[in-house]
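Peer 1: sequence-free structure coming up:
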């Protein structure tokens, strides 16, 4: 992947690194600050997957939709299928290490109509990124509201939760505005917070309570509080807990323009974030399930957060609140990283003119070398997706479904196109060898299955308060992107645009370096 500079740039230009040279070959200047290590790249994806966010915020959903059996066994099954999807993505990431990620890959891999493939991949990625940011910070708001209720009597009501949700998004917007170095440092800390947090929570729940559930209860007990009669259908719906948690690892791809040795570090970040989360998340889920004292009491807890009630029942009020704070810290780290990755995707997509008001969203703050406007679009879009919670009790589950469907469709479209390329695919330094085709086929099949599954009704009877509005959100975005494509964009959107000649790219970099 390393090539010598061709000498076309100004003689005053300092020699480019292999990463910068590759980025120039892909058509872009080094506008973002390339300061992240391979570990920091992994840390972003691991933090967004955030087992202390996804596992805990949807734990109550799992308790009603399959119960312990689906919580405990659904996790490793979904984790392995996710690893297959991640492996296929990582191979493509190695070949095209750029912040555009998925939509850029689709454009380069499509045998024809690359602009259309790129357009729709990008819009699905945009929808999924905004939804996963909403889901993460919405979950954090639930947990913060539960803590405030326990500590100060600030009741866990929808208006209170939405208010906290907005404050958390503003906090994450401000953190990301300060620059990539601060965010990278916090991401590194986040990895150890998550690992230590799992050990502390599981250790406390194993050692301190005087009694635990039986192994039979933890590994085989099935619960159906959905109103549906089919145990199989309910069990499939219960996979959402795990599949939602295993999202956001495309962040490693979106951060490649800021990562050293990006063609290797990006793929490793994707794969290792899934593997570490798979192991640690299973330990966490088993530990919490063994600690359940009053199953029905946890489900109907006044805090609105079943894990909080499980912690309190097992350890007492003070111990429960301490574990709750550990989870809240992890969720805040997670949301911060999600806004980071989301903003980079928006920056890259608008850099190629694919969003309304693209000139605004791809503007770089020359002082911090971060896409400040894109950061606030990410936060604002997430807030809009969470607002239906004011009148729809199942809104949170719908937001998580939207995140899964939007992201996974975007994840798998480049994989499908890579399969169609066959031996014509130009591999990067990190690849799957002869396993590329079977891994890709399984990845595509799995995404087709979950896309249909998570659009289905999650509770019965279906009413205004239980309606799963996931299909509507997906159709609105797909309809908007489709109509805009047919009416206008197909005439001018040609896919990812190069920023200029080698001389022009060097000039952009010199202008930024002079600040």
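Peer 2: Looks like it arrived, so ask away. Computed from a prediction, not measured in an experiment: that's the story for all the values here.

Peer 1: C-alpha from now on. contacts and neighbour counts both.
Peer 2: OK.

Peer 1: where does the chain have low pLDDT?
Peer 2: Applying pLDDT under 70 to the chain flags the ranges 1-16, 179-180, 498-505, 508-509, 512-515.

Peer 1: for it, what spans make up the strands?
Peer 2: Ranges of strands in the chain, per DSSP state E, are 65-66, 223-224.

Peer 1: what about residue 483, how many neighbours?
Peer 2: Residue 483: 12 surrounding residues under other Cα atoms under 10 Å.

Peer 1: ok so, going back, tell me which of the strands of the chain sits nearest to residue 256.
Peer 2: Nearest to residue 256, of all those, is strand 65-66, at 37.7 Å by Cα to Cα.

Peer 1: And for residue 202, the neighbour number?
Peer 2: For residue 202, the count of nearby residues is 20 (other Cα under 10 Å).

Peer 1: Settle this for me: it is touching residue 288, isn't it.
Peer 2: Yes: between residue 202 and residue 288 there is a contact under Cα atoms under 8 Å: 6.9 Å.

Peer 1: ok, back up a step: of the strands of the chain, flag the one that's most buried.
Peer 2: strand 65-66 (a mean of 29; mean count of other Cα atoms under 10 Å).

Peer 1: Please enumerate residues in contact with that strand?
Peer 2: 222-226, 231, 234-235, 237-238 (Cα atoms under 8 Å, 6 or more residues apart in numbering).

Peer 1: Adjacent strands (with direction) for it?
Peer 2: Sheet pairing for strand 65-66, assigned by DSSP bridges, gives strand 223-224 (antiparallel).

Peer 1: gap between the partner strand and the chain center?
Peer 2: Centroid separation for strand 223-224 versus its chain: 28 Å, with Cα atoms, centre = their mean, to the nearest Å.

Peer 1: for stretch 48-56, same thing?
Peer 2: 10 Å.

Peer 1: before we move on, what about stretch 486-500?
Peer 2: 27 Å.

Peer 1: Would you mind measuring from the nearest residue to residue 342 once chain neighbours are set aside to residue 263?
Peer 2: Once flanking residues are discounted, residue 342 sits nearest to residue 129: 5.5 Å by Cα to Cα, 6 or more residues apart in numbering. According to Cα to Cα, to the nearest Å, residue 129 and residue 263 sit 22 Å apart.

Peer 1: Please apply the same query to residue 162.
Peer 2: 40 Å.

Peer 1: Next up, the contacts around residue 209.
Peer 2: So residue 209 contacts 291, 314-315 (Cα under 8 Å, 6+ apart).

Peer 1: backbone phi and psi for it, please?
Peer 2: With angles defined as degrees, to the nearest 10, residue 209 sits at phi -60, psi 150.

Peer 1: Going forward, the N-terminal residue is numbered 16.
Peer 2: All set: I'll call the first residue 16, so the last point we hit is now residue 224.

Peer 1: Could you check how far it is from residue 327?
Peer 2: 11 Å.

Peer 1: what does residue 111 give?
Peer 2: 48 Å.

Peer 1: More neighbours: which of the two?
Peer 2: The neighbour count for residue 111 versus residue 327, taken as other Cα under 10 Å, is higher for residue 111 (27 against 20).

Peer 1: Go ahead and confirm that one touches residue 120.
Peer 2: Yes: Residue 111 is within contact range of residue 120, at 6.7 Å (criterion: Cα under 8 Å).

Peer 1: one step back: the residue nearest to residue 357 contacts residue 263, doesn't it?
Peer 2: Yes: with contact defined as Cα under 8 Å, residue 144 reaches residue 263; the gap is 7.4 Å.

Peer 1: Common neighbours of these two, please.
Peer 2: With Cα under 8 Å, 6+ apart, residue 144 and residue 263 have common neighbours 353, 422.

Peer 1: For residue 224 and residue 327, list the residues in contact with both.
Peer 2: Common neighbours of residue 224 and residue 327 are not found (criterion: Cα under 8 Å, 6+ apart).
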